[in-house]
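> Need a 3D model of the following:
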Amino acid sequence: MSKKESGLVYSSEWGRMCPGCEKPVAQCSCRKGGNPATPAKDGIVRVGRETKGRKGAGVTIISGLPGSEDELKKLATELKKKCGAGGALKDGQIEIQGEHRDRLVAELEKMGYRVKRSGG
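Predicted coordinates for the structure are as follows:
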């Protein structure tokens, strides 16, 4: 079986893999892989809400943040404290439980990020 036929989509070492070029999603050269809802990093942080796959419970998703995994974890912890809610860092996106878009947009703007609300 050749490398292209293996169908590798996840590696315990690298995380999510692009099905097109079979590189880690963060290093994808073909841009076929990854989350199609996540735009390319254009310097704008997007704050949206999602309920899909969560039995109706909404979470606020923050995507497009620059920085390493450790920096994003620290930022996630700080934002969760500001909202008084739980959350996680998944695939380079910060998820915070509940509807906190307005508060998060204001906090991120104070930190110097260019922020847009995404979704409805």
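> For this structure, just list every one of the strands.
Remark: strands assigned in the chain by DSSP state E are 10-11, 15-16, 44-50, 59-63, 87-90, 93-97, 114-117.
> State the distance from residue 111 to residue 27.
According to Cβ to Cβ, to the nearest Å, residue 111 stands 27 Å off from residue 27. Every C-beta, even on glycine, is put in place using the N, C-alpha and C of the backbone.
> which residues touch the residue nearest the centre of the chain?
Residue closest to the mean C-alpha point of the chain, counted by Cα atoms, centre = their mean, is residue 93 at 1.8 Å. Taking Cβ atoms under 8 Å, 6 or more residues apart in numbering as the criterion, residue 93 is in contact with 38, 61, 62, 63, 65.
> now those residues: which count as buried?
By neighbour count, with 16 or more other Cβ atoms under 10 Å, these hold 61, 62, 63, 65 as buried.
> before we move on, the earlier item: winner for burial among the strands of the chain?
Highest mean neighbour count of those: strand 59-63, a mean of 23 (counted as mean count of other Cβ atoms under 10 Å).
> list the helices and strands it packs on?
In terms of contacts (3 or more Cβ pairs under 8 Å, 6 or more residues apart in numbering; DSSP states H and E), strand 59-63 is packed against strand 44-50, strand 93-97, helix 101-110.
> Domain parsing of the protein, as residue ranges.
Domain assignment for the chain by automatic domain parsing gives 1-34, 39-117.
> which of the ones you listed has the lowest average pLDDT?
Here the lowest mean pLDDT among those goes to domain 1-34, at a mean of 64.
> and the longest helix along the chain with helix 101-110, angle?
Counting by DSSP state H, the longest helix found in the chain is helix 69-83. Orientation of helix 69-83 against helix 101-110 (axes from the mean of the first three to the mean of the last three Cα atoms, to 10 degrees) gives an angle of 130 degrees.
> Pull out the buried residues from helix 69-83.
So for helix 69-83, counting by 16+ other Cβ under 10 Å, buried means 72, 75, 76, 79, 80, 83.
> Can you report how many residues lie near the closest residue to residue 26 other than its chain neighbours?
Spatial nearest neighbour of residue 26, excluding adjacent residues (Cβ to Cβ, 6 or more residues apart in numbering): residue 92 at 7.0 Å. Look at residue 92: counted by other Cβ atoms under 10 Å, it has 20 neighbours.
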